[in-house]
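J.: Provide a 3D model corresponding to the input given below.
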Amino acid sequence: MKKLFVSLLLAPVLAFAAGAELHLDKAPDRSGDMAALQNGAKVFVNYCLNCHSASYMRYNRLKDIGLSDDLVRENLLFTADKVGEPMKVSMQRAEAKQWFGAAPPDLTVIARARASEFGSGPDWLYTYLRTFYRDSARPTGWNNTVFANVGMPHVLWELQGEQVMGEDHHLKLVKPGKLSPEEYDAMVGDLVGFLNYMGEPVGQFRKNLGVAVLIVLALLFVLSFALKREFWKDIH
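T.: From the prediction side, this is the model:
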């Protein structure tokens with residue numbers, strides 16, 4: 001009985017381990033690249049903010065990536081009246097659940113959430129946004145290789161084009177989009193960079209501060225060692 005209980009308890013874990021290993025493509029690093037983050041913000045506002053909120057992110061935080069309040073107000077302020085407001089959408093969660101089967105999640109910390117599940121949030125998002133394919137069996141007509149039976153339609157399909165799953169289980173582009181595959185990958189990299197930035201807007205500052213602190217500590221160590229030698233030279 002004890003062995004049976006342990007087997008039932010571990011069954012989900014064993015089943016997951018036995019499944020196909022999830023392959024994630026490496027996302028380009030956009031941290032510190034202001035132009036890329038600004039482009040990512042533009043893509044996010046134009047294509048994602050229609051359904052997904054980023055309710056823990058305020059428009060005026062975009063100043064951290066080099067955008068002035070006037071630029072935000074003129075080009076990105078579509079869902080609010082003031083730059084101090086959070087990036088919310090007017091869509092009601094109940095309506096969204098009825099239309100899509102599930103309410104679209106808030107994307108403020110989506111990169112960090114996916115990191116806790118898959119080890120790398122940016123890599124998961126980068127792979128996810130590039131691996132939609134046509135599937136007539138799905139209500140939206142789309143499916144995804146890293147998120148099977150996803151409820152979200154491929155909102156970027158006009159830019160990427162249409163992919164299908166081949167008999168060899170590899171994606172094939174059968175209808176080109178407005179962007180070349182290289183251009184689309186670069187754009188997705190910018191978008192993922194912005195999503196990653198939203199999860200921790202002070203992340204780059206924290207890293208720079210950490211480097212500065214280590215440099216200061218190294219200098220203090222050298223000075224302390226030299227001072228110690230000066231104090232103890234007559235004793236040794």
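J.: every contact and neighbour count from this point should use C-alpha atoms.
T.: Fine.
J.: the helices in the protein, which residues?
T.: If DSSP state H is used as the criterion, the helices of the chain fall at 2-18, 34-43, 69-75, 93-100, 110-118, 121-128, 157-160, 181-199, 203-232.
J.: so which of those is nearest Val174?
T.: helix 157-160 (10.6 Å; Cα to Cα).
J.: show me what the closest one packs onto, helices and strands only.
T.: Packing partners of helix 157-160 (3 or more Cα pairs under 8 Å, 6 or more residues apart in numbering; DSSP states H and E): helix 181-199.
J.: contacts for the helix it packs on?
T.: Helix 181-199 has contacts (Cα atoms under 8 Å, 6 or more residues apart in numbering) with 27-31, 36-41, 43-44, 57, 107-112, 121-122, 125-126, 129-130, 159-160, 203.
J.: could you redo the last one with a cut-off of 6 Å?
T.: Residues outside helix 181-199 that contact it (Cα atoms under 6 Å, 6 or more residues apart in numbering): Pro28, Arg30, Ala36, Leu37, Gly40, Thr108, Val109, Ala111, Gln160.
J.: closest to Asp234 among those residues?
T.: Nearest to Asp234, judged by Cα to Cα, of these is Arg30 at 54.4 Å.
J.: setting the sequence-adjacent residues aside, check what's closest to that closest one.
T.: Using Cα to Cα, 6 or more residues apart in numbering and skipping residues adjacent in sequence, the residue nearest Arg30 is Gly193, 5.1 Å away.
J.: do you know how far the one you found is from Arg130?
T.: Remark: distance between Gly193 and Arg130 (Cα to Cα, to the nearest Å) = 14 Å.
J.: do you know how far Gln38 is from Phe132?
T.: Going from Gln38 to Phe132 by Cα to Cα gives 25 Å.
J.: for Asn39, that is, sorry about that
T.: Separation of Asn39 from Phe132 (Cα to Cα): 22 Å.
J.: pLDDT below threshold where in the chain?
T.: Residues of the chain that meet the criterion pLDDT under 70 lie in 1-21, 90, 92-101, 202-209, 235-236.
J.: just the CA atoms of stretch 52-71, as PDB, please.
T.: Extracted in PDB, the C-alpha atoms of stretch 52-71 (Å, rounded to 0.1, in the frame of the first residue of the first chain):
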ATOM      1  CA  HIS A  52      -3.000  42.500 -22.000                       C
ATOM      2  CA  SER A  53      -2.500  45.000 -19.200                       C
ATOM      3  CA  ALA A  54       0.700  45.900 -17.500                       C
ATOM      4  CA  SER A  55      -1.000  47.300 -14.500                       C
ATOM      5  CA  TYR A  56       2.100  47.500 -12.300                       C
ATOM      6  CA  MET A  57       3.900  49.600 -14.900                       C
ATOM      7  CA  ARG A  58       3.200  53.400 -15.300                       C
ATOM      8  CA  TYR A  59       3.700  55.200 -18.600                       C
ATOM      9  CA  ASN A  60       6.100  57.700 -16.900                       C
ATOM     10  CA  ARG A  61       8.500  54.900 -16.100                       C
ATOM     11  CA  LEU A  62       9.300  54.900 -19.800                       C
ATOM     12  CA  LYS A  63      11.600  57.800 -19.100                       C
ATOM     13  CA  ASP A  64      14.000  55.200 -17.800                       C
ATOM     14  CA  ILE A  65      14.500  54.000 -21.300                       C
ATOM     15  CA  GLY A  66      15.000  57.500 -22.800                       C
ATOM     16  CA  LEU A  67      11.500  58.500 -23.700                       C
ATOM     17  CA  SER A  68      10.200  61.900 -22.500                       C
ATOM     18  CA  ASP A  69       6.700  62.500 -21.300                       C
ATOM     19  CA  ASP A  70       5.900  64.400 -24.500                       C
ATOM     20  CA  LEU A  71       7.000  61.500 -26.700                       C
END
